[in-house]
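K.L.:
I would like the atomic coordinates for the input below:
(chains A and B)
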Amino acid sequence: MSLRMTPGAVVIGSLAILAAVVFVVVFWPYASTDYTPSEIYRARSSVEDGGRAIYIANGCVYCHSQSIRAFDWDLGSERIAQAGDYVADRPILLGSERTGVDLSQEGGEHPDDWHLAHFINPRYTRPNSIMPRFAFLGDDKIHLLTRYVQSLGLKQADHRMARQVYWKQEAIKAYEAGPVANVKWLAEHVPPGWRNLANPYPTTEAGLARGHKIYQEFCIGCHGPIGDGMGPAQPYIYPPPLNFTILQGREISGGILYYQIMNGITGTAMPYFKRELESQKIWEVGNYVAVYFINQSDAGAEPKGIPSAWEP
Amino acid sequence: MSKSQFTAIQTNSTARGFCLTSAFWMVIATLAGLTAATELIAPDISGNVSWLVFGRVRPIHVNLVLFGFVTPGLLAAAFYFLPRLLRTELYSEKLGIAAVALWNVAIAAGIIALAAGHSQGREYAELIWPVDVLLVITFALLFWNLIMTVRRRQEPILYVSVWYACAAVILTGVTYCLGNVVWKPDSGALVGIPDAILLWFYGHNIFGLLLTPLSIAVAYYVIPTAIRRPLYSHTLSLIGFWSLLVVYSHIGTHHLLQVPVPTWLKVVAIVDSIAMVIPVMVFLINIWYTAKGSLGEVHADIGAKFVFTGTIMYFVVSIQGSIMALPQVQRVTHFNNWVVGHAHVGVLGFAGMIALGGLYFILPRITGKPLYSRFLADLQYWFVFLGTIGFTTVLTIVGLIQGNAWLNGEMIYRVLPELQIYYIMRAAVGLTVFVSALIGLYNIVRTLYFNPGEAA
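P.N.:
Numbering: from 1, shown residues only, chains lettered A, B, ... in the order given. A predicted model of the protein is given here:
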């Protein structure tokens, strides 16, 4: 073999290859990047940037991506990421692993008080979460971090936040008007068709057991183990979580529970669950609440139509 | 290879320094990994302690594994074999020791900064600017030492291990500067999509231009030396070296297939990720044909045993990597623990095992005495081996559960409870690897300093 490797061949040759590679796959894409902002873009405020620094310092990026793909279903998947969404991101925080949800569009998904409870201990609002507690940050940093998280999604986040702020006021007004007015307010926002929807699931022992499990995984942090609204998140949330045990005789139908669980109550800490829970799961957790906490259930009530083969 | 007749007294202080560096940081690195793994099972365990929070512990684990344990381990072997392959002394042991010291200062400072919440937030490029500068200076010192040794060589022919070691150090010095955007001290980042492209060019090349070439250099030295046979083919060495540099270095965008980066860049990354089969198989064929018929001698030397196992892991991780670059595969594997499993085969199974192999191969030759305990070295071998297999199996299962569930429209939160049992197994595997690091540190320190063995 006549090919001789000299120190010059190794060092100069390697560097030449690296230079060519950097030019083609790094510099060329860099130089030809279109920095036109997308239609959802707006600049972040200095407070939001302060929150972003806390996000980086604490490694939030290792569990939360900001990169929605065309085939995603989870949080934020209504908008597929575009290059123009990231034009102010230094560094870009796409993430490489989703131990938690993607946060591209988290802004305005929840009101601020939900985030406070969640940062103090994520399990207060999401019992199965494996996110660390961030109480150590202290109030000021949690505030900054919340402002950043509420800005994720930029203009779309602002739109959702405006809705949260408006309905927060309405919900507080209703809560402060007393339990009777509050329950009436909550029920009246459910469209009549949903209010009168026949409850299609019987309250069987198995169904209630499944509802119990859903309740523990999704509801217990705010509404508490006995449904009195005194879960561990309660001190951080206003208006406070609903106390189910006062609802007997107030015409709370299965359809109302179904609708409120499905859509949530924007402005309050009650999120929508239509992404995470399919129809049967929502009915059954509603039946669990109705049977055990309200002690009044319309499951299986007339009119039923032709009995389903499901029914025992 | 040319067998060295070189017998002058060598102090090997630089190699010793890197041995201790690697053995020590392996303990801290695996402890950080075990801590992070435990936090995924029992998240409240970090309590209200800021520096214990998962998001700070994870980059500590990753950076320590890469720059604390594996790279110094491989450099230890390089600083041992380079003078021998060149039939000369190391240009300067003092310069070498200075580099070792600087390296340790940089790593310690970087880790303390990460724990205190000073991070640049880009994977493998988290370390803050002053640490970046220290590391780049260290790379420059290392390269100066290596290249001056090459210039003073008595041996006219440069053996393949020398090419890889010199190229790895100089190329990583350059890519480290680029990837960490050292001209932007505050952020260490570009803006927007180009930042992602640069980051994964760099991140990918921590494996492609640092760990892999150094591991290959060690394998090319250890296997032929242990079995006392020449390398199978010089031509394959040449093809493997140049094709590795050309192909490995430009496919980092396969980390960004689901991101709005230019399509042509994705196409290049996918196609040439498949082309990675060439440098990988050329090297493996060369080293496996060299060892053909001599596996008994490989097995008899604990260093060679580690290294040879590392080459098998290289096969696994590389073929898996090529497959993972396919968009259809990535729809399932991206964003979940499959990739974490892949990383563990690569960095623990391949580069980590070869780093340990290098250490155990050179230690008896540096000290002139047998290892303090061959049994403990074997024990560490099996713990690391089972650890690699364990991580791969468990994390691949977790990744498939996550990826397929998500693709079918299942929510991340709903899948979490299904993963816990695997997270428990993963932490158990992590405990095994942590114990192996403790065993290794004890054995290496005893071999170097409190070795009762008779000089050979």
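K.L.:
neighbours of residue A:33, how many?
P.N.:
18 (other Cβ atoms under 10 Å in any protein chain shown). For glycine as for every other residue, the C-beta is placed from the backbone atoms N, C-alpha and C.
K.L.:
next one: residue B:417
P.N.:
Neighbours of residue B:417 (other Cβ under 10 Å): 12.
K.L.:
element containing it, please.
P.N.:
Taking DSSP states H and E as the definition, residue B:417 sits inside helix B:412-449.
K.L.:
in that helix, what's buried?
P.N.:
B:412-416, B:419, B:422-427, B:429-448 (16 or more other Cβ atoms under 10 Å in any protein chain shown).
K.L.:
go back to those residues and keep what's next to chain A.
P.N.:
B:412, B:413, B:414, B:416 (Cβ under 8 Å from any Cβ of the partner chain).
K.L.:
how about the nearest residue to the last one once chain neighbours are set aside, what does it touch?
P.N.:
I take that to be residue B:416. The shortest distance from residue B:416 to any non-neighbouring residue, by Cβ to Cβ, 6 or more residues apart in numbering or on different chains, is to residue A:128 (5.1 Å). Neighbour list for residue A:128: A:217, B:413, B:416, B:417 [criterion: Cβ atoms under 8 Å, 6 or more residues apart in numbering or on different chains].
K.L.:
which member of the residues you listed is positioned nearest residue B:241?
P.N.:
Among these, residue B:416 lies closest to residue B:241 (Cβ to Cβ), at 45.3 Å.
K.L.:
just send the ones next to chain A among the buried residues of helix B:412-449 back as a markdown table, with pLDDT too.
P.N.:
Below are those laid out as a markdown table (pLDDT from 0 to 100):
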| residue | pLDDT |
| --- | --- |
| B:412 | 97 |
| B:413 | 97 |
| B:414 | 97 |
| B:416 | 97 |
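K.L.:
just the closest residue of the stretch 351-456 of chain B to chain A, please.
P.N.:
Residue of the stretch 351-456 of chain B nearest chain A, by Cβ to the nearest Cβ: residue B:409 (4.4 Å).
K.L.:
contacting residues around residue B:282?
P.N.:
B:236, B:239, B:240, B:243.
K.L.:
most widely separated two among those residues?
P.N.:
Of all the pairs that the contacts of residue B:282 form, the one spanning the most space (Cβ to Cβ) is B:236 and B:243, at 10.3 Å.
K.L.:
the two: who's more crowded?
P.N.:
Of the pair residue B:236 and residue B:243, residue B:236 is the one with more neighbours under other Cβ under 10 Å, namely 20 against 17.
K.L.:
what sits closest to the more buried one if chain neighbours are left out?
P.N.:
Here the residue nearest residue B:236, using Cβ to Cβ, 6+ apart, is residue B:286, at 4.1 Å.
K.L.:
element containing that neighbour?
P.N.:
Judged by DSSP H and E, residue B:286 forms part of helix B:277-291.
K.L.:
alpha carbons of that helix, as CSV, please.
P.N.:
What follows is helix B:277-291, C-alpha atoms only, in CSV (Å, rounded to 0.1, in the frame of the first residue of the first chain):
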residue,chain,number,x,y,z
VAL,B,277,-22.8,1.7,7.6
ILE,B,278,-19.6,2.2,5.5
PRO,B,279,-17.2,3.7,8.1
VAL,B,280,-18.8,1.5,10.8
MET,B,281,-18.5,-1.8,9.1
VAL,B,282,-15.1,-1.0,7.6
PHE,B,283,-13.7,-0.5,11.0
LEU,B,284,-15.5,-3.4,12.5
ILE,B,285,-14.5,-5.8,9.7
ASN,B,286,-10.9,-4.6,10.2
ILE,B,287,-10.8,-5.1,13.9
TRP,B,288,-12.9,-8.3,14.0
TYR,B,289,-10.8,-9.9,11.2
THR,B,290,-7.7,-8.9,13.2
ALA,B,291,-9.1,-10.7,16.2
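K.L.:
the next helix or strand along the chain from that helix: how far from the chain's middle?
P.N.:
With elements assigned by DSSP H and E, the helix or strand that comes after helix B:277-291 is helix B:295-300. Averaging C-alpha positions (Cα atoms, centre = their mean, to the nearest Å) puts helix B:295-300 24 Å from its chain's average.
K.L.:
run through the neighbouring helices and strands of helix B:295-300.
P.N.:
Contact here means 3 or more Cβ pairs under 8 Å, 6 or more residues apart in numbering or on different chains; DSSP states H and E; on that basis helix B:295-300 packs against helix B:212-227, helix B:302-324.
K.L.:
out of those helices, nearest to residue A:102?
P.N.:
Nearest of the helices and strands packed on helix B:295-300 to residue A:102, taken as Cβ to Cβ: helix B:302-324 at 20.4 Å.
K.L.:
tell me the helices and strands packed up against that closest one.
P.N.:
Against helix B:302-324 (3+ Cβ pairs under 8 Å, 6+ apart) you get helix B:212-227, helix B:263-275, helix B:277-291, helix B:295-300, helix B:327-333, helix B:337-344, helix B:353-367, helix B:374-407.
K.L.:
same list (the ones you listed) but as JSON lines, adding mean pLDDT.
P.N.:
Output for the helices and strands packed on helix B:302-324, formatted as JSON lines (pLDDT from 0 to 100):
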{"stretch": "helix B:212-227", "mean pLDDT": "98"}
{"stretch": "helix B:263-275", "mean pLDDT": "98"}
{"stretch": "helix B:277-291", "mean pLDDT": "98"}
{"stretch": "helix B:295-300", "mean pLDDT": "97"}
{"stretch": "helix B:327-333", "mean pLDDT": "97"}
{"stretch": "helix B:337-344", "mean pLDDT": "98"}
{"stretch": "helix B:353-367", "mean pLDDT": "97"}
{"stretch": "helix B:374-407", "mean pLDDT": "98"}
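K.L.:
if we compare the ones you listed, which one ends up closest to residue A:197?
P.N.:
helix B:374-407 (29.7 Å).
K.L.:
give me the distance between the one residue in the stretch 151-300 of chain B that gets nearest to chain A and residue B:254.
P.N.:
Nearest to chain A in the stretch 151-300 of chain B, going by Cβ to the nearest Cβ, is residue B:189, at a distance of 3.3 Å. Residue B:189 is 21 Å from residue B:254, where distance means Cβ to Cβ, to the nearest Å.
K.L.:
same thing with residue B:52?
P.N.:
If you go by Cβ to Cβ, the gap between residue B:52 and residue B:254 works out to 34 Å.
K.L.:
tell me the one of the contacts of residue A:128 nearest residue A:174?
P.N.:
residue A:217 (27.9 Å).
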